[in-house]
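Enquirer: no sequence for this one, just the structure:
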């Protein structure tokens, strides 16, 4: 798994990082959510910056 570190000038937020990692691992939002015991809607909210809880 690749690690994402914030570099100076890097504007990638946590939602973008989640989406990038999820897509690299070829996981749907539903499958990604299952790994973290959250719903697909929660993953969508994270990726869209709606909620990070």
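Expert: Here it is on my side, so go on. This structure is a prediction, so every number in the text was calculated from the model and none was measured. Residues are numbered from 1 along each chain as shown.
Enquirer: low-confidence regions, this protein specifically.
Expert: Scanning the chain for pLDDT under 70 picks out the ranges 1-12, 51-53.
Enquirer: center of it - which residue?
Expert: residue 18 (1.6 Å; CA atoms, centre = their mean).
Enquirer: next one: that residue from residue 37, what distance?
Expert: Using CB to CB, to the nearest Å, one obtains 15 Å as the distance from residue 18 to residue 37. C-betas here are computed from N, CA, C, even on glycine.
Enquirer: for residue 19, grab the count of nearby residues.
Expert: 19 (other CB atoms under 10 Å).
Enquirer: let me see the contact set for it.
Expert: Residues counted as contacts of residue 19 (CB atoms under 8 Å, 6 or more residues apart in numbering) are residue 47.
Enquirer: show me what counts as buried in the helix or strand encompassing it.
Expert: Per DSSP states H and E, residue 19 falls inside helix 14-24. Neighbour-count burial for helix 14-24, with 16 or more other CB atoms under 10 Å as criterion, is recorded at 15, 18, 19, 22.
Enquirer: please name the nearest non-neighbouring residue to the last one.
Expert: Counting by CB to CB, 6 or more residues apart in numbering, residue 32 is the residue found nearest to residue 22 once chain neighbours are left out, at 4.7 Å.
Enquirer: residue contacts, that neighbour?
Expert: By CB under 8 Å, 6+ apart, the contact set of residue 32 is 18, 22, 25, 43.
Enquirer: now for those residues: which two are most distant?
Expert: For the contacts of residue 32, the farthest-apart pair by CB to CB is 25 and 43; their separation is 12.6 Å.
Enquirer: between these two, which is the more surrounded one?
Expert: Between residue 25 and residue 43, counted using other CB under 10 Å, the more crowded position is residue 43 (24 against 12).
Enquirer: I figured the more buried one hits residue 27, correct?
Expert: No - contact criterion CB atoms under 8 Å: residue 43 and residue 27 do not qualify, at 9.3 Å.
Enquirer: the helices in the protein, which residues?
Expert: For the chain, the helices defined by DSSP state H cover 14-24, 29-35, 40-47.
Enquirer: work out the gap between stretch 31-46 and the centre of the chain.
Expert: Here stretch 31-46 is found 9 Å from its chain centre; the criterion is CA atoms, centre = their mean, to the nearest Å.
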